[in-house]
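>>> Below: sequence and its predicted model.
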Amino acid sequence: MEKFRVTLEADERAALEKLVSAGKAASRKLTHARILLLADATQGEGRSDEDIVSALGAGWNTVARVRKRFVTEGLPAAIDHRPQPARPEKIKIKGDVEQKLVKLACTDPPLGRCHWTLPMLADEMVVLGLVQAISTETVRQALEKTTSSPGLSSHGASPRRPMPTSFGIWRT
């Protein structure tokens, strides 16, 4: 594995030391800052990856990745969290199938049941031929992001039911 040599400028080192001493940042950001401070070669040779891993409890790959990002992309890229890219292929239920699921959830449940459960909805979607296979979690996520009626302010296919209070008055 190629090892990248970290050499911090005086102002970069001061900024990282201030960040670490304040301790008011995300844990990942603080760990990355500590990795860079320990790996800095301007104060001699800098610590080895093995020393950094044992000192901070970070993984080998994390240390190597922070070194590489600092050398290739700069200080902000090395310490800040890189957001995950959007994954549209992860969405299993889209468009027409989602509408049919909401419509199914709003219908009367099968005989002997008072309401639809997530496993029942998943099984019914397979029986109807809308999907080949689907998990209950996928059904839950699809129903959670939908609004079943334009008049409702809450999200989801199931409207909130009124809850009794200790005074005997019903609240919604």
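Alright, I've got the coordinates. Numbers count the residues shown, from 1 in each chain.

>>> for the protein, what spans make up the strands?
Using DSSP state E, the strands of the chain run over residues 163-164, 170-171.

>>> where along this protein do the helices fall?
10-22, 27-39, 49-56, 60-73, 75-79, 95-106, 118-127, 136-144 (DSSP state H).

>>> that older thread, where among the strands of the chain is the average confidence lowest?
Ranked by mean pLDDT, those end with strand 170-171 at the bottom, a mean of 57.

>>> Quickly list the domain ranges of this protein.
Segmentation of the chain into domains, based on automatic domain parsing, reads 10-79, 89-153.

>>> Determine how far the first one lies from the middle of the whole chain.
Between the centre of domain 10-79 and the centre of its chain there are 24 Å (C-alpha atoms, centre = their mean, to the nearest Å).

>>> average pLDDT for it?
Per-residue scores along domain 10-79 average to 88.

>>> Residue 58 against residue 52, yeah?
Yes: using C-beta atoms under 8 Å, residue 58 is in contact with residue 52, at 7.0 Å. All C-beta atoms are positioned from the backbone trio N, CA, C, and that covers glycine.

>>> overlap in contacts of these two?
In the contact map built from C-beta atoms under 8 Å, 6 or more residues apart in numbering, the residues linked to both residue 58 and residue 52 are residue 35.

>>> Which one of these two is surrounded by more residues?
It is residue 52, of residue 58 and residue 52, that has more neighbours when counted by other C-beta atoms under 10 Å, with 24 against 20.

>>> Measure how buried the nearest residue to residue 81 once chain neighbours are set aside is and give me the count.
Nearest non-adjacent residue to residue 81, counting by C-beta to C-beta, 6 or more residues apart in numbering: residue 28, 5.9 Å away. The tally of other residues near residue 28 (other C-beta under 10 Å) stands at 13.

>>> Flag every buried residue along stretch 119-127.
120, 121, 122, 124, 125 (16 or more other C-beta atoms under 10 Å).
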